[in-house]
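>>> can you look at this prediction? I've put the sequence above it.
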Amino acid sequence: MGESSDSVSIDIDVIPLGGKECVVKTSRGSVSVFVCGDQGKPALITYPDVALNYTSCFQGLFFCSDAASLLLHNFCIYHIDAPGHELGADVISSDVPLLSVDDLADQLVEVLDFFGLKEVLCLGVTAGAYILTLFAMKYKERVLGLILVSPICKVPSWTEWLYNKVLLNLLYFYGMCGVLKECLLQRYFSKELRCGIQGVESDVIQACRRLLDERQSLNVMRFLQAINERHDLTESLKSLQCKTLIFVGENSPFHAESVYMNAIMDGKSCALVEVQSCGSLVTEEHPNAMLIPIEFFLMGFGYYRQPHFASSSSNDSNPTSPSSCLSIAPELFSPEGLGIKLKPIKTRVNTKS
């Protein structure tokens, strides 16, 4: 890791998976990064959706029983939070300029440089997926692949733009009030999960409410405003050759845009997985449905699951060894086995000479 007098490392003992939180100062402000795993391994960076941090956006996925053998075995995870979204964050001063989506994408380069990371795999949810996609377009040589959850790629529709304006006003005048939290929960989760069984809220919804209470409303405003002023990525997506795996819940408000994004990308490098009975936040609502598609996706880069029967010493030394690949029955990759619908990969025919 690169050394810098402008960064602060803080050991965190309360995170079950272990790791440390680093506050990296960039030319566009400070960024909190939680580093989990062996920094000698290849890097996987994450970026959460609006008003979420790595805990509320990704712990469902990374706490899955098979996540360690698939993700932590192969990668060091760098959870990057949007500015001011980390636990215990102070309110960002009004003197600090508002960051655009391009500023947020450019900020990631400085984070990668600080840790000495030349190229990374990326995992992002909705707003975070947009930032990582933009980052991949601007810095193609730094991104190996994208795993996008309920991504967005177009300018906001008038409906979304007005809706976000209402949320921005609620944040400014009332903070993280009850109405705002309900709006955000609708953004993240399906109606089935929000309503619960016999009217009793699920643990996931209750935990998300508590974590939203910890957010600084003015910091959330800054991120939401940047996303509400985003630009269209359509033309650049057509030429993006980065391998991409897209997940989207069939009940996500961004379902149509995620399907559109898959349709305009090169079918040879992009695949879409629709998750049934799920909202936008697949990582929390149905994280198990992501594991096998991610496993097949990572095989394309030479990464394999750590076998449960192998000794840790023989696997930890070489995370990309083919000998660590488990045999997966084809029926496990079926809709019945996963509870998902797989969209076929459509190949693009280039008619230009």
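Arrived safely.

>>> quick check, Ala51 in contact with His85.
Yes - proximity of Ala51 to His85 meets the contact threshold set by C-beta atoms under 8 Å, at 7.3 Å. Any C-beta I mention is one placed from the backbone N, CA and C, and that applies to glycine too.

>>> shared neighbours of the two, anything?
215, 220, 223 (C-beta atoms under 8 Å, 6 or more residues apart in numbering).

>>> which one's more surrounded, Ala51 and His85?
Ala51 (29 against 26; other C-beta atoms under 10 Å).

>>> on the three-state scheme, that one is what?
Following DSSP: H, G, I helix; E, B strand; the rest coil, the label given to Ala51 is coil.

>>> which non-adjacent residue is nearest it?
Nearest residue to Ala51 in three dimensions, chain neighbours excluded: Val220, at 4.7 Å (C-beta to C-beta, 6 or more residues apart in numbering).

>>> check Gly60 too.
Leaving aside its chain neighbours, Gly60 sits nearest to Glu284 (3.9 Å; criterion: C-beta to C-beta, 6+ apart).

>>> isn't Tyr54 up against Phe34?
Yes - taking contacts as C-beta under 8 Å, Tyr54 lies within contact range of Phe34: 5.6 Å.

>>> am I right that Val33 sits in a strand?
Yes - the assignment for Val33 (three-state DSSP) places it in a strand.

>>> pull the number of nearby residues for it.
22.

>>> any idea of the pLDDT on it?
pLDDT for Val33: 97.

>>> who's it bridged to?
Following DSSP bridges, Val33 is listed with bridge partners Cys22, Ile80.

>>> from what I can see it touches Ala82, true?
No - checked against C-beta under 8 Å, the pair Val33 and Ala82 is beyond contact range at 11.6 Å.

>>> phi first, then psi, for Asp38.
Per-residue torsions, Asp38: phi -80, psi 120 (degrees, to the nearest 10).

>>> any idea how many residues pack against it?
13.

>>> from Leu123, how far out is it?
Remark: distance between Asp38 and Leu123 (C-beta to C-beta, to the nearest Å) = 18 Å.

>>> okay, and which of the shared contacts of Ala51 and His85 map to helices?
220, 223 (DSSP state H).

>>> can you add neighbour count and give the shared contacts of Ala51 and His85 back as JSON lines?
JSON lines is the format used below for the shared contacts of Ala51 and His85 (neighbours: other C-beta atoms under 10 Å):
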{"residue": "Arg215", "neighbour count": "26"}
{"residue": "Val220", "neighbour count": "24"}
{"residue": "Phe223", "neighbour count": "27"}
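
>>> turn the shared contacts of Ala51 and His85 into TSV, including distance to Ala67.
Output for the shared contacts of Ala51 and His85, formatted as TSV (distance: C-beta to C-beta, whole Å):
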residue	distance to Ala67
Arg215	25
Val220	27
Phe223	26
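
>>> what ranges does the stretch 51-200 of the chain have for its strands?
For the stretch 51-200 of the chain, strands defined by DSSP state E, counting those that start in this stretch occupy the ranges 76-80, 120-125, 143-149.

>>> what's the lowest-pLDDT member of the shared contacts of Ala51 and His85?
The minimum pLDDT among those falls on Arg215, with 95.

>>> so that one sits against Cys177, correct?
No - using C-beta under 8 Å, Arg215 makes no contact with Cys177, being 11.8 Å away.

>>> so Pro89 sits right up against Val220, yeah?
Actually, residue 89 is Ala. It isn't Pro. No - with contacts counted by C-beta under 8 Å, Ala89 stays clear of Val220, the gap being 10.2 Å.

>>> in terms of secondary structure, what does the helix or strand containing Met290 contact?
For Met290, the element it lies in under DSSP states H and E is helix 288-299. Applying 3 or more C-beta pairs under 8 Å, 6 or more residues apart in numbering; DSSP states H and E, we find helix 288-299 packed against strand 143-149, strand 243-249, strand 270-275, helix 282-285, helix 335-338, strand 340-342.

>>> and Thr234, how many neighbours?
By the criterion of other C-beta under 10 Å, Thr234 has 14 neighbours.

>>> ok, now Lys25?
A total of 15 residues lie near Lys25 under the criterion other C-beta under 10 Å.

>>> distance of the residue nearest the centre of the chain from Pro151?
The centroid of the chain falls nearest to Gly124 when counting by C-alpha atoms, centre = their mean (2.0 Å). Here the criterion is C-beta to C-beta. By it, Gly124 lies 7 Å from Pro151.

>>> touching both of these two, which residues are there?
130, 133.

>>> so Cys183 sits against Leu167, correct?
Yes - here Cys183 lies in contact with Leu167, judged by C-beta under 8 Å, at a distance of 6.0 Å.

>>> who has more neighbours, these two?
Higher neighbour count among Cys183 and Leu167: Leu167, with 22 against 15, using other C-beta under 10 Å.

>>> show me what contacts the more buried one?
Contacts of Leu167 (C-beta under 8 Å, 6+ apart): 180, 183-184, 224.

>>> please, where are all the helices along the stretch 1-150 of the chain?
Chain-ordered helices for the stretch 1-150 of the chain, with DSSP state H, counting those that start in this stretch as the definition, fall at 54-62, 67, 101-115, 127-138.

>>> how far out from the middle of the chain is the shortest one?
Per C-alpha atoms, centre = their mean, to the nearest Å, the displacement of helix 67 from the mean C-alpha position of its chain is 15 Å.

>>> list of residues touching that helix?
Counting by C-beta under 8 Å, 6+ apart, 61, 287, 291 sit against helix 67.
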